[in-house]
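J.: requesting a structural model of the entry that follows:
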Amino acid sequence: MSSSRDFRDLDGADPWKLLGVSRSADADEIKRSYRRLSRSHHTDVGGDPTQQVKLNRAYEILTDPTRRADYALLLHRKERPQDFVRPTQPEPDEPPADPFAWASGPGRTSTPPRRDPYKPPYEQPYQDPYTEPPYADPPYRDSYRDTYAAPTHQAPSRGGVNGQAVAALLTVAFCAPLSIYLAFTALRTIQTTGQRGKAIAWLALLANAFFIVFAIIGGIRTATT
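T.: Numbers count the residues shown, from 1 in each chain. Below you'll find the predicted structure:
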């Protein structure tokens, strides 16, 4: 929204005075004053809706740095119009024409255009002295570490082949219970440490299962003969 429309909607009123704050008030102070005045001017308590509209517009202006600076410039022009009126300067006297210029040969037939040395004070962009500077990150931000932050998870380093898995495969033929125990222990260890050897442990379990089934079938055949 343009600053001229803001100025027209507020009838040229001072938004700081409408909200009852000083020009150096911060955002929290502006918000508190706006809420307090809105409660007293609300239509539910018999307030003036026109005044409430002006309060809303004043709050929008003061919370927007660009609109705030533009409106401050318009107020300054309204309060001190003489600062923006270009003073008139008397025209310098021109030298009288030389009646014998035609006889002096070719030369300059006209005077160069005059340059106006006056420069208005408002050529530079207006800056509101009450506008807060933009927030800049502190220089120590990169080096700061939160002591309460959770540590970064690091995956465990993968080692060699798990020895229990190898032992489980080697003990299949002569001690099945020990082989099964070593295979299950190896699977739990591999899941925690990330070592290799999961396939070897499963191979040991499958071999034990095969030998157990083979022994059961052999026992059944012996019993039936």
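
J.: what comes up buried for stretch 57-73?
T.: For stretch 57-73, the neighbour count (16 or more other C-beta atoms under 10 Å) marks 57-62, 67-73 as buried. Backbone N, C-alpha and C define where each C-beta goes, glycine included.

J.: single out whichever of those residues has the smallest pLDDT.
T.: Within the buried residues of stretch 57-73, residue 71 has the lowest pLDDT, namely 84.

J.: quick one, helices of the chain?
T.: Along the chain, the segments classed as helices by DSSP state H run 3-9, 15-19, 27-41, 49-62, 65-79, 163-170, 176-193, 198-224.

J.: would you single out the least confident of the ones you listed?
T.: Looking at those, the lowest mean pLDDT belongs to helix 3-9 (a mean of 78).

J.: one step back: max pairwise distance over the buried residues of stretch 57-73: which two?
T.: 59 and 73 (19.3 Å; C-beta to C-beta).

J.: out of the buried residues of stretch 57-73, the closest to residue 44 would be?
T.: residue 59 (18.8 Å).

J.: count of neighbours near the nearest residue to that closest one once chain neighbours are set aside?
T.: Residue nearest to residue 59 in three dimensions, not counting chain neighbours: residue 34, with 4.5 Å by C-beta to C-beta, 6 or more residues apart in numbering. Close neighbours of residue 34, defined as other C-beta atoms under 10 Å, add up to 21.

J.: same check on residue 175?
T.: Counted with other C-beta under 10 Å, residues neighbouring residue 175 total 13.

J.: what does residue 32 give?
T.: 13.

J.: just residue 28 next, same as before
T.: 8.

J.: can you check residue 188 too?
T.: Residue 188: 11 neighbours (other C-beta under 10 Å).

J.: cool, and the one 5 residues further on?
T.: Applying other C-beta under 10 Å, we find 13 other residues in the vicinity of residue 193.

J.: good, we can wrap up now.
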